[in-house]
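Trainee: no letters, just coordinates:
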């Protein structure tokens, strides 16, 4: 399903407003469209007064104050990755890019150089990037592996546990008892975020709730598991169900190893494509009055499809989105669970720098830090009308 023009422009606005001036080429890479397409979008957004355009750069209408320049820390190490922290994130992942920018602010303030590596979508893409960074002498590693399915995650456990430099996982929580259980990590408490969404809808009187969620990342799988647990435990919830939020929301087969069959993607056809959910029909079938939608882009597109199916948000269906990257920019601004994306990056970078200091205690116990999401209420969820209403 091709992303609508207006939604793409809303994503451009979100990135520029959160980061300040951004190169058109960077926007094109992150949105997975051509530079020509982004340039046209920026020109149109400039024409209507929502952006300012420079030479190959998109700028917010009001510039953010320039950060104070921090002198680079002195080091006797040679130039290159030897004086750097390697930072590895998946390509085209706007959620984790916000985490990246949080980490970057801390590392740059410390004078530490960053060696950024963008992992392509192919299976096992992170390992050669990390090995290259280590060969170049990187002092530490911040990493958010893609981990589209449980098997690809487990195949990373062995080598990632043996990288030999201080390492912090960002927005990832390895399986308990695994080789990475005792690795520093900083992530959002997505169980709590899911609780916020369900609790908000229940407080508004909703008793039949649907979760439309992805299944192609650790966050998606955590949200699905948490929703089932929370909804089943709430006596107020009379009916609940979980469906895929988009045709591309399931992982394909994991990386191949000799003698091990490829993992089949649930709800997928033999070519690895899932069927698009008809959320309007499902809501009618289940008598549901509310939905939690993960993630933001899928949520905005599902709201558009609901309208096409005669279901208006919030009149006919209350909606809470999950991620809050672009949820506020829809024609109907969406109430959303907002994981502390940038704060995750900052906390992970601070922990890594602490490990790198060599100070007393810096080699102390492993830290598994969780930060709590918040709920941003914007009006896409409303109380169930009473008979008197």
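Mentor: Thanks, I have the structure now. Not measured: the values here are computed from a predicted model.

Trainee: burial count for residue 26?
Mentor: If you count neighbours by other CB atoms under 10 Å, residue 26 ends up with 17. The C-beta positions use only the backbone N, C-alpha and C, and glycine is treated the same way.

Trainee: revised request: answer the last question for residue 148.
Mentor: Using other CB under 10 Å, residue 148 has 25 other residues around it.

Trainee: which helix or strand contains it?
Mentor: According to DSSP states H and E, residue 148 maps onto no helix or strand at all.

Trainee: quick one: it and residue 215 touch, right?
Mentor: No - because the distance of 9.1 Å does not satisfy CB atoms under 8 Å, residue 148 is recorded as not touching residue 215.

Trainee: most centrally placed residue in the protein?
Mentor: When the chain is reduced to its mean C-alpha position, the closest residue under CA atoms, centre = their mean turns out to be residue 95, at 3.2 Å.

Trainee: is that residue in contact with residue 324, as I believe?
Mentor: No - using CB under 8 Å, residue 95 is not in contact with residue 324, being 9.3 Å away.

Trainee: overlap in contacts, those two.
Mentor: residue 339 (CB atoms under 8 Å, 6 or more residues apart in numbering).

Trainee: for residue 173, helix, strand, or coil?
Mentor: coil (DSSP: H, G, I helix; E, B strand; the rest coil).

Trainee: look up phi and psi at it.
Mentor: Its backbone dihedrals place residue 173 at phi -130, psi 100, with angles given as degrees, to the nearest 10.

Trainee: residue 221 is in contact with residue 150, correct?
Mentor: Yes - under the contact definition of CB under 8 Å, residue 150 touches residue 221, with a separation of 7.5 Å.

Trainee: between the two, who's got more neighbours?
Mentor: More neighbours surround residue 221 than the other of residue 150 and residue 221, with 19 against 14 (other CB under 10 Å).

Trainee: next, work out how far apart that one and residue 341 are.
Mentor: 18 Å (CB to CB, to the nearest Å).

Trainee: next: residue 8.
Mentor: On the measure of CB to CB, residue 8 and residue 341 end up 20 Å apart.

Trainee: which of those two has more residues huddled nearby?
Mentor: Each of residue 8 and residue 341 has its neighbours counted (other CB under 10 Å); residue 341 has more, 26 against 19.

Trainee: the more buried one contacts residue 99, correct?
Mentor: Yes - Residue 341 is within contact range of residue 99, at 5.1 Å (criterion: CB under 8 Å).

Trainee: intersection of neighbour lists for those two?
Mentor: When CB under 8 Å, 6+ apart defines a contact, the residues bordering residue 341 and residue 99 alike are residue 171.

Trainee: mind listing the strands for the stretch 1-150 of the chain?
Mentor: 22-23, 51-53, 57-60, 84-90, 113-119, 140-143 (DSSP state E, counting those that start in this stretch).

Trainee: packing partners of the third one?
Mentor: Meaning strand 57-60. Helices and strands in packing contact with strand 57-60 are listed as helix 5-19, strand 22-23, helix 24-31, strand 51-53; criterion 3 or more CB pairs under 8 Å, 6 or more residues apart in numbering; DSSP states H and E.

Trainee: which neighbours do residue 148 and residue 215 have in common?
Mentor: Common contact partners of residue 148 and residue 215 (CB under 8 Å, 6+ apart): residue 251.

Trainee: sounds good, over and out.
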